[in-house]
Structure formats: structure tokens, C-alpha cells
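Colleague: Have a look at this fold, sequence not included:
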């Protein structure tokens with residue numbers, strides 16, 4: 001009987017091993033991470049800002065990064081450009097309409113190796129509009145400040161705000177192209 005149980009265990013173990021173990025799930029640490037943006041204003045001035053409240057998980061496959069996935073949820077009302085009046089306007093229907101659309105959500109769909117880094121392709125949903133975006137990124141896997149395993153990643157890209165229904169102003173008063181920079185630390 002013991003031999004039969006051992007055989008069943010061994011076959012099950014080998015089947016699981018050949019299909020690969022599940023990826024390690026990491027949680028993004030907001031205190032050690034930033035979601036930043038910049039957009040031209042009046043054709044020559046650049047407005048920098050960030051979102052203060054966000055969360056996310058990374059399902060990380062350290063044997064094949066292209067099998068990893070990322071989900072991030074940003075609270076749109078947490079937008080901060082260091083100008084209170086402008087931030088209040090950005091929360092209105094003219095821009096993010098945070099009462100109706102409180103979250104900005106990114107879900108990766110694929111990751112491909114490109115040069116020294118990777119490109120993550122995913123769906124970005126903002127103000128009720130979903131578009132496919134590409135975010136080139138690099139990462140390292142090491143330890144956090146308190147010695148835990150950690151992922152550190154940097155990504156950047158750009159989106160056209162009008163693709164997401166943010167149509168306020170002209171391209172001169174508010175640039176159409178919004179640059180995105182993301183720096184994250186994530187731990188298991």
C-alpha cells in the first residue's frame with residue numbers, strides 16, 4: 001500500500017513539475033513606488049504630477065519573465081501636481097471625472113523581451129475608455145531595505161489623453177501626449 005501511495009505522489013509531483021510551478025506573487029509597495037506623468041501646458045511649460053494612491057500585484061516567473069503578469073489599480077482622485085486648484089480641476093468631468101470613474105486600471109496581456117529590457121503590452125482603462133498600451137521596462141530582483149526579496153522595476157511610455165475621453169482644451173493649452181514614468185518596488 002505504501003508503495004502505491006508513493007507512486008501516486010511521485011507521478012503527481014512529476015506532472016506538476018513538468019507544467020511548472022505557479023509564479024511568485026509580489027505586492028507593489030506604494031511607499032517605495034511612484035506613478036508619475038508629465039504633459040505640456042501652453043506649448044512650452046511642462047506640468048509634472050503623480051498619483052499618490054495605487055496598488056497592484058505582479059505574478060513573477062523568475063525562470064521566464066515573459067510568463068509574468070501585472071495588475072495595477074490607481075485611485076484617480078489621488079492626482080497631485082502640487083497646485084491644489086489645478087488638481088481639483090483635474091478631478092472634474094473636464095479631465096478624470098473621478099466621481100464617475102474613480103479608478104484607473106492597467107492589466108498586462110503579454111510581455112516580450114526586447115534588447116536589454118522588456119515590453120509589457122496591456123489594457124489601460126481610464127475614464128471608461130480602454131486602450132492597448134506598450135510600456136518598455138527593466139527590472140532587477142534583489143532585497144528590500146528590510147532584507148525581504150524584492151522586485152525593482154522602471155517603466156515608461158506615453159498615451160494620448162484624447163484616446164481616453166479627456167478632451168478638455170486644445171493641444172496647445174493641454175498637450176495630447178502624456179508621458180508616463182513608473183518606478184516600483186514589490187515584495188512577496
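Modeller: It's in. Here the structure is a predicted model, which is why all the values come from computation and not from measurement. Numbering: from 1, shown residues only.
Colleague: Please, which helix or strand holds the residue most central in space within the chain?
Modeller: In the chain, the residue lying closest to the centroid (Cα atoms, centre = their mean) is residue 72, at 4.7 Å. If you go by DSSP states H and E, residue 72 is part of strand 69-75.
Colleague: With residue 166 instead?
Modeller: Following DSSP H and E, one finds residue 166 outside all helices and strands.
Colleague: which phi and psi does it have?
Modeller: Per-residue torsions, residue 166: phi -100, psi 90 (degrees, to the nearest 10).
Colleague: For it, which residues are in contact?
Modeller: The contact partners of residue 166, by Cβ atoms under 8 Å, 6 or more residues apart in numbering, come to 95-96, 126-127. The C-beta positions use only the backbone N, C-alpha and C, and glycine is treated the same way.
Colleague: got it, and residue 23?
Modeller: Neighbouring residues of residue 23 by Cβ under 8 Å, 6+ apart: 59-61, 67-69.
Colleague: Format those as JSON lines; extra columns: neighbour count, distance to residue 108 and pLDDT.
Modeller: Shown next, in JSON lines, are the contacts of residue 23 (neighbours: other Cβ atoms under 10 Å; distance: Cβ to Cβ, whole Å; pLDDT from 0 to 100):
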{"residue": "59", "neighbour count": "15", "distance to residue 108": "9", "pLDDT": "97"}
{"residue": "60", "neighbour count": "21", "distance to residue 108": "12", "pLDDT": "95"}
{"residue": "61", "neighbour count": "17", "distance to residue 108": "12", "pLDDT": "95"}
{"residue": "67", "neighbour count": "14", "distance to residue 108": "11", "pLDDT": "97"}
{"residue": "68", "neighbour count": "20", "distance to residue 108": "8", "pLDDT": "96"}
{"residue": "69", "neighbour count": "18", "distance to residue 108": "5", "pLDDT": "97"}
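Colleague: Just put the residues you listed in JSON lines and tack on distance to residue 120.
Modeller: Output for the contacts of residue 23, formatted as JSON lines (distance: Cβ to Cβ, whole Å):
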{"residue": "59", "distance to residue 120": "12"}
{"residue": "60", "distance to residue 120": "12"}
{"residue": "61", "distance to residue 120": "13"}
{"residue": "67", "distance to residue 120": "12"}
{"residue": "68", "distance to residue 120": "9"}
{"residue": "69", "distance to residue 120": "9"}
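Colleague: Which of those sits closest to residue 173?
Modeller: Checking those against residue 173 with Cβ to Cβ, the nearest one is residue 69 at 37.6 Å.
Colleague: Can you show me the strands along this protein?
Modeller: Using DSSP state E, the strands found in the chain span residues 24-28, 34-41, 45-51, 54-60, 69-75, 79-80, 103-114, 117-126, 129-143, 149-160, 174-187.
Colleague: Alright, I will stop here.
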